[in-house]
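S.K.: Sharing a sequence plus its predicted fold:
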Amino acid sequence: MDQTIYVAKNCQRCQASGTITLRFLNRVDETVDCPACKGKGVVPVLEPATECPRCKGSGRGDGSCGVCRYCGGRGWALSEMSIEARV
């Protein structure tokens, strides 16, 4: 029987702080809970943990919101991505 094991890893989107700063055109900054880890600073990652091959573990993307769309800003690959990256 296979056992699924998750471990807590630091969220790369917020650098494990649990918050991100939103910058607006009017130069008013707002600190909000990180959407990738929901303010916890860590994310559950399926073992064996593998950095996201698209953003190289940074959690950042080149889209309009600046978040890697493949890992959702977490910086860690999902199990399907891990398999693709190894092939």
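M.R.: Thanks, I have it.

S.K.: and the residue most central in space within the chain, how far is that from residue 25?
M.R.: Residue closest to the mean C-alpha point of the chain, counted by CA atoms, centre = their mean, is residue 74 at 0.8 Å. Using CB to CB, to the nearest Å, we find residue 74 at a distance of 28 Å from residue 25. Backbone N, C-alpha and C define where each C-beta goes, glycine included.

S.K.: again, but for residue 31
M.R.: Residue 31 is 17 Å from residue 25, by CB to CB.

S.K.: Those two - which one has more neighbours?
M.R.: Using other CB atoms under 10 Å as the criterion, residue 31 and residue 25 rank with residue 31 on top: 10 against 5.

S.K.: after the host helix or strand of the more buried one comes which helix or strand?
M.R.: Secondary structure assigned from DSSP states H and E places residue 31 in strand 29-33. Counting by DSSP H and E, the next helix or strand C-terminal to strand 29-33 is strand 42-46.

S.K.: What residues of that following strand count as buried?
M.R.: Going by neighbour count (16 or more other CB atoms under 10 Å), the buried part of strand 42-46 is 43, 45-46.
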